[in-house]
Every structure is written in C-alpha cells, then in structure tokens.
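>>> predicted structure and sequence below. I'll ask about it afterward.
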Amino acid sequence: MGFLTDKKILILGVASRLSIASGIAASMRREGAELAFTYQNEKLKDRVIGFAEQWGSDLVYPCDVTDDRQIEDLMSGISDSWDGLDGIVHCLAFAPGSELDGNYVDVTTRSGFLLAHEISSYSFVALAKAGKELLTGRQGSLLTLSYLGAMRSLPNYNAMGLAKASLEANVRYMAASLGPDGTRVNAISAGPIRTLAASGIKSFRKMLDYNAKQTPLRRNVTIEEVGNAAAFLSSDLASGISGEIMYVDGGFNTTAMGDLGTG
Ligand code: NAD
Ligand code: 0WE
C-alpha cells in the first residue's frame, strides 16, 4: 500500500508533461493519492484534463491565481466532490519576461515586481485562506516550490528571487499560523530543470551545464526526484516537518568553489 493511500491532494501548476507538478502528480499517484488539478487558462484546459485522466482523476478546475473569485470557486468545486483536503501543492510562479533578462536594477519595474510577488508568493497564502475549512482537522500539508535565487543572487533571476524570498518567509509564517490546526507547511527548493517556465530563459542550457558540473552529484535533478520528495513531505511520514525549506538540488546549495577541475 502506498504511503499516500486515501489522501486527497490538490495540485496547481501542471502545464506540460515536463512540469514539476507532473513529476509530483506521478509520484503521488503511485503512492495511492487521489488527485485534483487546476489549469491557468482555457488554452491549457484540455491538456490538463488529459493528464488528470492518466492519473485517475476527473477533478479539474480553472484557477488563475490573480483572481480571488477563481480561488473561491475552486475550493467550493472541491467541496462538492470531497469532504476535505489533505494537501495542496503550489507549483506555479510568474514574472514578466522582461524582468528576467538583464541587470537587476536596470530591468526591474514596479508593475513587474508586484506581479511576480502576487502570483509567486501571495497566491500561496490566498489558497491556504480559501482552503482552510477543507484542510482543518486532517493533519494536512501545504507544499510549494522555491529556488536558490531566494537566498543567493544570480544572473537574470532578478525580481523572481525576491518573490521566492517572500514565498519562503510565507512558508514560515503559514506554518506558524496553521500549525495549531495540525496543518504543516513546507517548500522544496529544487535545482534547475528544463520545463516550460525555463524554456523562455536565455542561456538556460548554459546554466544547466554549469550547475551539473558544480554540483556534488555532478548532474541535474529530475522532476521524478522532486516528485518523490514532494510525496514524502505531503505524507504522514513527514508528520514532524513544518516550516522547512528542503533542497532537492543534488547538493548544489551546500558547496562553494564547486568543481575546480582538479579531481
Ligand atoms: P511550468 O511552466 O511547467 O509550470 C509553471 C506553472 O505556473 C504553469 O502551469 C502555469 O500555468 C502556472 N502559472 C503561471 N501563472 C499563473 C497564474 N496566474 N495562475 C495560475 N497558474 C499560473 O514550470 P515549472 O518549472 O514546473 O514551475 C513550477 C514551480 O517550480 C514554479 O514555482 C517554479 O518557480 C519552481 N521551480 C522551477 C525550477 C526550474 O528550474 N524549472 C527550479 C526550482 C523551482
Ligand atoms: O522559477 C523559475 C522560473 C519561473 C519563471 C519563468 C518564466 C519564463 C517565462 C517565472 N516567470 C517567467 N516568465 C516568463 O515570461 N525557475 C527556478 C527557473 C529559472 O528561471 C530563471 C533561472 C532559473 C533557474 C531565470 C533566470 C535565471 C535562472
């Protein structure tokens, strides 16, 4: 029997088979979870319905997280089919492309900065707020996806780095807020992975190559590896873990100097 048997989990952020959310869905399904999904817009609707079917789910809802109404409707849609929710997986982020290309101080704008924070950080607490009733009394779990750019500066990540820093603080404040109800809140900080969100980024290939070379494991991580960690953190196996940022990055964040090419 899988370690997520009978758990009802909502996953946001499936856009393609390469999405980190897809790796998470596959692991969670393998471990016996019942899944529900959202799609950002009509363009993605049929695709997400098709993926959901593969993972044994016919619960698929629209949810653009910039719209409070869609978040409300999502939770009331879920409550029509499920008596509660054991987990929410928040696997989405956005900043305007122009914010992610060039010198931070030069390219950052008020509107781009605010939109990045709204979609990539605020939406996590907005979902917790709307889902609170469904989550309480079930020892549930909330999980989000972060990146090392929250803690270190790196070229071009720019306003997304600040949004991820906000998201990681959000994890700690939400853990403190929801802990008394028994709900845990954590993040996975994943190493770079080629997904749709990465495909718009100039020289992402170069970054992947650099990252693989400088990482203790000498390779990049996969959506399957992130999926397995996500399944663990959302399960009762992780019942003692809350407010945590867990790195699934092959150890990259723990090194300095990296590989000097001497051994
Ligand atoms: P992806 O493009 O497959 O997924 C991004 C998702 O965000 C898409 O499903 C998209 O529809 C959704 N989204 C964007 N704006 C939205 C909105 N307004 N409302 C609802 N959904 C919206 O890319 P991914 O790499 O799988 O990204 C998933 C998460 O993983 C993001 O939080 C990203 O920051 C994080 N992450 C990615 C990497 C990487 O290298 N790919 C590394 C670490 C963390
Ligand atoms: O969080 C991310 C990417 C998130 C993302 C990607 C895009 C591309 C298309 C957010 N918004 C947009 N907006 C778009 O218009 N990652 C961790 C992957 C990533 O993105 C980078 C990276 C890494 C790693 C951007 C610059 C530098 C490194």
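Received it, and whenever you're ready, just let me know what you need. Ligands and ions are numbered 1, 2, ... in the order given.
>>> is the single longest helix found in the chain anywhere near ligand 2?
The helix that spans the most residues within the chain, counting by DSSP state H, is helix 158-178. Yes - counting by Cβ under 6 Å from any ligand atom, contacts between helix 158-178 and ligand 2 involve residue 160. (Each C-beta comes from the backbone N, C-alpha and C, glycine too.)
>>> list the buried residues in that helix.
For helix 158-178, a neighbour-count test (16 or more other Cβ atoms under 10 Å) marks 158-168, 170-171, 174-175, 178 as buried.
>>> what about the helices in the protein?
For the chain, the helices defined by DSSP H occupy 20-30, 42-54, 68-81, 104-107, 110-117, 123-135, 158-178, 196-199, 204-214, 223-233.
>>> to residue 249, which of these lies closest?
Among these, the nearest to residue 249 by Cβ to Cβ is helix 204-214 (8.4 Å).
>>> and the closest one, what's buried?
Buried residues in helix 204-214 (16+ other Cβ under 10 Å): 204, 207, 208, 211, 212, 214.
>>> then stretch 10-25?
Buried residues in stretch 10-25, counted by 16+ other Cβ under 10 Å: 10-15, 18-25.
>>> widest-spaced pair of the residues you listed?
10 and 18, at 20.6 Å, using Cβ to Cβ across those.
>>> before we move on, the earlier item: quick one: the buried residues of helix 204-214 as CSV, columns for distance to residue 48 too.
Formatted as CSV, the buried residues of helix 204-214 follow (distance: Cβ to Cβ, whole Å):
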residue, distance to residue 48
204, 24
207, 28
208, 26
211, 29
212, 30
214, 35
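>>> closest one of these to residue 261?
Distances from residue 261 to those, taken by Cβ to Cβ, are shortest for residue 214, at 10.6 Å.
>>> next, count neighbours for the residue nearest to the closest one when sequence neighbours are not counted.
Nearest residue to residue 214, sequence neighbours excluded (Cβ to Cβ, 6 or more residues apart in numbering): residue 258, at 3.3 Å. When neighbours are defined as other Cβ atoms under 10 Å, residue 258 has 13 of them.
>>> pLDDT weak spots in this protein?
Regions of the chain meeting the criterion pLDDT under 70 cover residues 263.
>>> what parts of it come near ligand 1?
Residues of the chain found near ligand 1 (Cβ under 6 Å from any ligand atom) are 13-16, 19-21, 40, 63-66, 91-94, 119, 145, 147, 190, 192-193, 195-198.
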